[in-house]
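**Student:** Sequence and predicted structure, then a few things I'm wondering about:
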Amino acid sequence: MKNKIEIRDLKADEVNLKSRWYDEDLPTLVESDLRRSLGWACRMWALDFANPAKIGNYTWMGEYGLLLQNAGNYQVRCLLAADMADARIGLAMFKSSFNAVGVELQIGDYTVVAPFEADEDTESEQVDASETKDVPTGVEVC
């Protein structure tokens, strides 16, 4: 007797994931994040990134889990977002920075939300950090 394998088409809500993020999915920034996103350096970076002469350029913002691309005409698209809280906060901060310099950050249908999987290096670094927490620090003199 052959084993039957049932293949189902899982919908995003069945696995508790959203495949797209819209403005209403972004958090309200706390004061410190808002202040940082509106700082001079962040605004200048946003304006430089959205420069029409740099159309098509993209950047992977690994610490936030976001892939941004210059779509031209002072429009930037978030093409990919990792499904984690830092990505939502980062996206809200980028949106604030781009809005401050008159650049539209496009999300929604442009943004694919991918499941977040921590890589093994990150997990081992966290374990190493917790193991070394109780080790006294200082300079050993011989």
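**Tutor:** Done, it's in. Numbers count the residues shown, from 1 in each chain.
**Student:** which residues in this structure form helices?
**Tutor:** 31-37, 40-49, 85-100, 120-131 (DSSP state H).
**Student:** Among the ones you listed, which comes closest to residue 23?
**Tutor:** helix 85-100 (7.8 Å; CB to CB). All C-beta spots, glycine's among them, are computed from the backbone N, C-alpha and C.
**Student:** Can you check which strand is longest in the chain?
**Tutor:** Longest strand of the chain, by residue count under DSSP state E: strand 75-83.
**Student:** How many residues are close by the closest residue to residue 103 other than its chain neighbours?
**Tutor:** With CB to CB, 6 or more residues apart in numbering as the criterion, residue 103 has its nearest non-adjacent residue at 4.3 Å, and that residue is residue 50. Summarising burial for residue 50: neighbours were counted as other CB atoms under 10 Å, giving 24.
**Student:** what does residue 32 give?
**Tutor:** Neighbours of residue 32 using other CB under 10 Å come to 8.
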